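S.K.: got a predicted structure here, sequence first:
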Amino acid sequence: DQQVKQNSPSLSVQEGRISILNCDYTNSMFDYFLWYKKYPAEGPTFLISISSIKDKNEDGRFTVFLNKSAKHLSLHIVPSQPGDSAVYFCAASAIGVPGNQFYFGTGTSLTVIP
Amino acid sequence: KAGVTQTPRYLIKTRGQQVTLSCSPISGHRSVSWYQQTPGQGLQFLFEYFSETQRNKGNFPGRFSGRQFSNSRSEMNVSTLELGDSALYLCASSETGLAGGSSGANVLTFGAGSRLTVL
């Protein structure tokens, strides 16, 4: 039962343009969302997060939007750079779940074309 | 500050064998989680330890087990290996391991992983 879904396995974007990565979730108890970036042969690295009390969080070129009614979040990267080419995972955690468990999507592989 | 260290990075085992993977968290981090990553499945939660206590366990068979030591270092063990256990096993640590909430203290910091191949 995949509670966090990333329906686009891959995405290609021209350098300088906007990259939009999408994530949907099913559990209304999720209250904290994160995006991770993963390069080959490395562990995922934390990128940006958002609490359910907000609908937008911005950090430099990265902005995460949260639409609670649609149970949807997205990551915008502007402008996209070749170094952004990686696999991006969204993750969520829920109130009341014992321990620090995060639910991850299956990832979207982003390729930024120079 | 040193990151999360996982050993070994790569290992090959045969079916029926067992394997132990090790994880040293960031100094001061008391929560250690383990995830399995396989192609098309994303990261699947295995278990989480906090102050030597397992607080949560994912939907994996009993062949998968773990423990945490008083210095927060953690090990996970897989017994009677099956071909389907081939995966990247990722360890992550966080400061407090608070469930849910918007505290930055529970952001996971991952190690580079242990790539297990079962033949």
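M.R.: Noted; the coordinates are in hand.
S.K.: which bits of chain B sit near chain A?
M.R.: Within chain B, the positions near chain A by Cβ under 8 Å from any Cβ of the partner chain are B:4, B:6, B:31, B:33, B:35, B:40-45, B:47-48, B:50, B:54-56, B:58, B:90, B:92, B:94, B:97-102, B:104, B:106-113. (C-beta placed from N, C-alpha, C; glycine too.)
S.K.: so of those, which ones are in strands?
M.R.: B:6, B:31, B:33, B:35, B:42-45, B:47-48, B:50, B:54-56, B:90, B:92, B:94, B:109-110 (DSSP state E).
S.K.: and the residues you listed, which are buried?
M.R.: By neighbour count, with 16 or more other Cβ atoms under 10 Å in any protein chain shown, these hold B:6, B:31, B:33, B:35, B:42-45, B:47-48, B:50, B:55-56, B:90, B:92, B:94, B:109-110 as buried.
S.K.: need phi/psi at residue B:26.
M.R.: phi -60, psi 140 (degrees, to the nearest 10).
S.K.: what's the neighbour count on it?
M.R.: Counted with other Cβ atoms under 10 Å in any protein chain shown, residues neighbouring residue B:26 total 18.
S.K.: how near is it to chain A?
M.R.: Here residue B:26 is placed at a distance of 12 Å from chain A (Cβ to the nearest Cβ, to the nearest Å).
S.K.: who touches that residue in this structure?
M.R.: Applying Cβ atoms under 8 Å, 6 or more residues apart in numbering or on different chains to residue B:26 gives the contacts B:1-4, B:93, B:109.
S.K.: any quick ChimeraX command for the buried ones out of the residues you listed?
M.R.: Filtering the contacts of residue B:26 down to the buried ones (16+ other Cβ under 10 Å) takes a single ChimeraX command:
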select /B:4,93,109
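S.K.: just give me the least confident of the contacts of residue B:26.
M.R.: Checked by pLDDT, those have residue B:1 as the lowest-scoring entry (66).
S.K.: report pLDDT for the residue of chain A most remote from its centre.
M.R.: Here the centre of chain A is the reference, and by Cα atoms, centre = their mean the most remote residue is residue A:98, at 23.1 Å. Residue A:98 carries a pLDDT value of 70.
S.K.: write out the residues of chain A neighbouring chain B.
M.R.: A:2, A:4, A:6, A:29, A:31-32, A:34, A:36, A:41-46, A:49, A:51-53, A:89, A:91, A:93-107.
S.K.: do that again at 6 Å, thanks
M.R.: For chain A, the contact set with chain B under Cβ under 6 Å from any Cβ of the partner chain comprises A:31-32, A:42-44, A:46, A:51, A:93-95, A:97-101, A:104-107.
S.K.: and residue B:33, bridged to which residues?
M.R.: residue B:48, residue B:92 (DSSP bridges).
S.K.: let me know the pLDDT of it.
M.R.: The model's pLDDT for residue B:33 equals 94.
S.K.: low-confidence regions, chain A specifically.
M.R.: A:96 (pLDDT under 70).
S.K.: strands of that one, residue ranges please.
M.R.: Under DSSP E, chain A gives strands at A:4-5, A:10-14, A:19-25, A:30-38, A:45-51, A:56-59, A:62-67, A:72-77, A:86-94, A:103-104, A:108-113.
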